[in-house]
Each structure stands twice: as structure tokens, then as C-alpha cells.
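Asker: missing the sequence, but the structure's below:
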Ligand SMILES: [Zn+2]
């Protein structure tokens, strides 16, 4: 992997090939466990079509790449993403990592040891880095293409000890592999970004969402700020932060087990003023996603 | 006589008459892993390897059970723990061993976010659906409900929610309840009483394990009418690399024999809780379901336990327990 390549589900591509990027999205979003819900029917044909329609519309509007930042345990379906990328011609970058503590399985929280100590940083780091260097897992079946991003979150009420351990592991995995880190912040975005930076990950390798009032501080620290409100993003960009501003729909193509706004990737393009499009939707995502030499 | 009045036990290949069960290993696992362990390739096995580790154990189990007629393996693996119904169906069809599968959860700490957020009513509907309609798209129906105590030996709020939902589903469908751990049983007994579920429909599991001793009031549970699970036979501290829940072999045996001596045979059920092919942990080398025949039965006979008693514990009592007994 060279300094300018990005891992897509169909293999590495040059950062310059990404085009217009929807940078922090969720394609298929399944609340962990919902796949076992008796009244939840994940019809793969329907899932494929729903995602394909959105990607086709995105491509028709000039879009090039969608980044699925849902991590490895919330619906990510690598073979389906590959097929839908082939069918639509839209690059898909998929992510490793997992969301906040409440989204983790017992394997990470109450392992079969006495006492049941939650996973340490080094184990999270190794698990997620391997998804970049060896390929993303299809659970208990196989590894496929490389993850292009590590994505995590902290608990909305405040970062827990396990959130912190995992966040450090994600930062180390990002540092070791050169891919970027997406962090959905809890209630203290600056402190949470600082955790990643303490692990020696450069702030410009981190995209922070759910920043609340901390946008200016996050940008001043050198990280990217992900907005889901276009007006706020545009205002922030015009306020001298154009190179630190990213934009996401805040929704998902399809959800199971929870509600999220339906995402329109094409809508992102139309919403951004023409003069900011290249910076916010092309240059900034490419800068974030282009892997750094590890 | 309508279909609902015919005595039946749900196996993964469909309902069978209780008389067909034969010898029952009441608490076993084809393969158990904590939720999320499927993400860690260190535990992965190829399908070839999984069948290779599993089929010979089931075949030996089948051979060992021939004196009793049928062979029945109750898989106590919860919804998010790698439960794999179509795999069990293929194992059962190819080996002739009846497999009874679970709905429910080993404990609140093995229920993923979707179920952690679910109401008692949703959990109840989940269990009833899996018992009466089927699990996922497999058509296989659950024959028992698994519930349990989260790590820490104390019932948590989610554990209690699952117990209540299980009680309601058990009353309606007639399947029995299995608990993971028999510690902190007072709130469980209270919930079952509130819901009107007779305690003989509940097996309080792992009453015999090493870490529970001193914390489990098994004689008290038996006095209330609950069934006591001596279902970790074989997790002996004498093993080369015993797990943390292991116990000295003789101590467990004495604990069990105490029930038989005191005339409490009908209060116990027994099993080995072994994994044929563990999913998210190394497993315990040298421990299989066949411990029951290789080690336990010779020890019982040495202690004067007769065949009628063994028959009672491994054939008659489990057949009664597993038979669907809807309350309405
Ligand atoms: Zn068990």
C-alpha cells in the first residue's frame, strides 16, 4: 500500500480516483442482535436493491465513493458490499472497529476468565489492525478485502473504561496500518480525541463526529469535523475551517432493529454550494482516507 | 384427541414422543462461544474440522446409549452464543442422535444490544415464536428456554427481565426452563411464583460447579420444588488444564450421592456440559459428553447406585421434564 492508496472492498485504489465521497455513512445498519430477532427479516435481495438504488442515484449525481463507517459488528456485509460496488460502479470503503461499549458482545466485556476482565487495548488493536493487513472477516467463514478505515464510538453519556480501551486500540490499529480513525464522540469530544492522540496518532488522521459545541476546538487540534447538518458545515467551512470540514448524511441506507434517517448520498452533493464541493466532498475525504505509511 | 394433547418433545428435526428420547444428556453444547467471538479468527475452524471434532463424539454417545434405546442431546446454547440450528439439524439427521435446541439466553451478559433493549413482552414473543413457529428460517423449534445469571453471581435487571419473559413463554408453550447457574436463586423463585410457573418446570443448572459452592442454596431450591442440575460432571480439577469452574471429582460425586442417599433422586438431573467443538474459547481438553459413561457411571456403580436409579435420572425424569406441558 502506497501513501496515496485507499482500501476499497474491491481492492486498493488511488486517492485521486475516489471522486466525490460520502465519507462517514452506514450502508447496512443492524443493531447487534437484531439479526436474531424473530420479527426481523433481513432479505438480502431487498438490502442489495435498497443500497444499489442509493448508490446509482449518487453516481448519477456525480458521486464516486461511499464510506461505510459502521464498523465490523453492526451489519457490515463485505460480500454484499463487493457485489453492490461492482454493480453500481461506486467505490465502497468499509471499516473495522466497533461502536461503544453497549454495542459490544460479551466476548469483549465478560470473557470466560475469572474474573471476567474486559478486553485490553492491545487485543482490540490487534483485532482491528488485522482487518486492514489480512482482510475483513466474514464471521467464521473467511477474510476478504482490506478495511479502509477504523471506526469507533464512545458512550453518549460519557466514555467508559472499555470505550477508552477500545478507542486506544483503534488509534493504535490506525497508526500501525496507516488507515484513518473515525470517532463518534460521546459527551467530551476533545478529551476523547486526546485519547487517540496520546496513542501517537496524528490528529489529522481522525474524523470526529457528534462534536456538539466543540467543532472549532476539534478543528484547531488538527482533526476533521464531521457534520450532519449541511448549513452548519457550510458556515464552519466559511469560517476558516474548509480543510477540516467533512459532511455526512447522518442516516443509513437501510436499518434493522433501530431507527435512523434514510440517507440520500446524492442529496449531499446538491446540498453543498458548488464552490465548496471539491474541498468538502473530494479533497478532504481523500486526505483523510489516503493511507499513511505505517 | 387434538394434536396439542399428544405428548411431544421439540427436537431440531421436529416433535417426537417422549418415549423416543431414550438416554438424555440434559445440558450439553455442540459448540458454545461468547457473542462477538465469531469476529476473532483465532477460534475459527473449517467446517471440515467442526464435523471432524463433533461427529465421532456424537457417534460414541449414540453407541453408549444403545442399552437405553434412543440418544438425546440437549443443546443449552443461547441465542447469541453461536447457536446454529441448521448445523444441528444436519448432525442429528446424519448421526441419529436427537438434538433439542434452546431459545433464550445464557445470561443477560450474553444478550446483544437489540435484546438488551427489549421489553419483557418482546422477549416473551421471541421465545414463543422460536418454540412454536421456529428459529430463523430453519423450521427447527426450540425445546427448552435458557436463562441465567450474569457474571458476578448476582441477578442483574436484564437477567430478571429474561427470567420473567421465559416464565410466561414456558407457561404458554409448556417447554421447561434451564438456568445457567443456581446462585442468587431467591429472585428467580420469586419471579416464577409470581408468574405461576411450577418450579418442577425449572432446572437450576450448574449447582455442582466449583465456583458456585458456598453460594448456591441447592437444598433450599429442591425444597421449593425446583430441579437441581448436576450438569458439569467432568469439569474436574484433576484434569491437566481445568477451567476456573472446575471442582475436585470426589467432592462433586459426594454432593450428588447425598441427594440419592436422602431420597431426593427425583430432584436431580445430570449432564457433562461439554462442548463437542467449542466456538470462542479453547474448550477443556479431554472432556466430552462421554465422561458420563466412561467415568461417572462406573463411579456411581462403585458407590452402590443401581441401574434403576441411573435409568430414573437419565431417562424417566428428563422425558417428563422435556415433554411440553402447556398450562392452558
Ligand atoms: Zn452449558
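Answerer: Okay, I see it. Quantities reported herein were computed from a predicted structural model and do not represent experimental measurements.

Asker: burial count for the nearest residue to residue B:22 once chain neighbours are set aside?
Answerer: Leaving aside its chain neighbours, residue B:22 sits nearest to residue B:70 (2.7 Å; criterion: CB to CB, 6 or more residues apart in numbering or on different chains). Heads up, the C-betas are built off the backbone N, CA and C, glycines and all. Applying other CB atoms under 10 Å in any protein chain shown, we find 20 residues neighbouring residue B:70.

Asker: Can you get me a residue count around residue B:242?
Answerer: Residue B:242: 18 surrounding residues under other CB under 10 Å.

Asker: thought it was touching residue B:232?
Answerer: No: look at residue B:242 against residue B:232 with CB atoms under 8 Å: they stay out of range, at 11.1 Å.

Asker: contacting residues around the residue in the stretch 51-200 of chain A positioned nearest to the ion?
Answerer: With CB to the ion, the shortest gap between the stretch 51-200 of chain A and the ion falls at residue A:112, namely 11.3 Å. Applying CB atoms under 8 Å, 6 or more residues apart in numbering or on different chains to residue A:112 gives the contacts B:34, B:243, B:280-281.

Asker: Isn't residue A:101 up against residue A:159?
Answerer: No: using CB under 8 Å, residue A:101 makes no contact with residue A:159, being 9.1 Å away.

Asker: got the contact list for the closest residue to residue B:235 other than its chain neighbours?
Answerer: Leaving aside its chain neighbours, residue B:235 sits nearest to residue B:246 (4.7 Å; criterion: CB to CB, 6+ apart). Going by CB under 8 Å, 6+ apart, residue B:246 touches B:209-210, B:235-237, B:239.

Asker: Ok, residue A:92 next?
Answerer: A:8-10, A:27, A:65-68, A:81-82, A:84-85.

Asker: among those residues, which ones are buried?
Answerer: A:8-9, A:27, A:65-68, A:81-82, A:84-85 (16 or more other CB atoms under 10 Å in any protein chain shown).

Asker: does the residue of the stretch 51-200 of chain A closest to the ion sit in a helix, a strand or a coil?
Answerer: Secondary structure for residue A:112, judged by DSSP: H, G, I helix; E, B strand; the rest coil, is coil.

Asker: distance of it from residue B:102?
Answerer: 18 Å (CB to CB, to the nearest Å).

Asker: cool, residue B:257 as well?
Answerer: Applying CB to CB, the value for residue B:257 to residue B:102 is 29 Å.

Asker: Equivalent analysis for residue B:168, please.
Answerer: From residue B:168 to residue B:102 the distance is 17 Å (CB to CB).

Asker: Quick check on those two: which one has the bigger neighbour count.
Answerer: residue B:102 (28 against 20).

Asker: Which positions in stretch B:13-24 come out as buried?
Answerer: Neighbour-count burial for stretch B:13-24 [16+ other CB under 10 Å]: B:13, B:16, B:18, B:21-24.

Asker: just so I have it, where are all the helices in chain A?
Answerer: With DSSP state H as the criterion, chain A has helices at A:44-60, A:78-88, A:106-109, A:121-133, A:161-177, A:189-198, A:215-220, A:230-236, A:265-271, A:274-277, A:284-289.

Asker: List the single closest residue to residue B:292 in space, sequence neighbours excluded.
Answerer: residue B:272 (5.7 Å).

Asker: ok, that neighbour - contacts?
Answerer: With CB under 8 Å, 6+ apart, residue B:272 has these contacts: B:25, B:27-28, B:231-234, B:287-289, B:291-292, B:296.

Asker: Can you pull the residues of the stretch 151-300 of chain B lying near the ion?
Answerer: For the stretch 151-300 of chain B, the residues in contact with the ion (CB under 5 Å from the ion) are residue B:273.

Asker: List, one by one, the residues from the stretch 151-300 of chain B near chain A.
Answerer: The stretch 151-300 of chain B comes close to chain A at residues B:151, B:211, B:243-244, B:279-281, as judged by CB under 8 Å from any CB of the partner chain.

Asker: again, 10 Å this time
Answerer: Residues of the stretch 151-300 of chain B lying near chain A by CB under 10 Å from any CB of the partner chain: B:151-152, B:211, B:243-245, B:278-282.

Asker: Stretch B:92-110 near the ion at all?
Answerer: No: Stretch B:92-110 lies apart from the ion when judged by CB under 5 Å from the ion; the minimum separation is 7.1 Å.

Asker: what distance separates the start and the end of that stretch?
Answerer: Taking CA to CA, to the nearest Å, stretch B:92-110 runs 26 Å from one end to the other.

Asker: Tell me, how many residues neighbour residue A:220?
Answerer: Residues within reach of residue A:220, counting by other CB under 10 Å, total 13.
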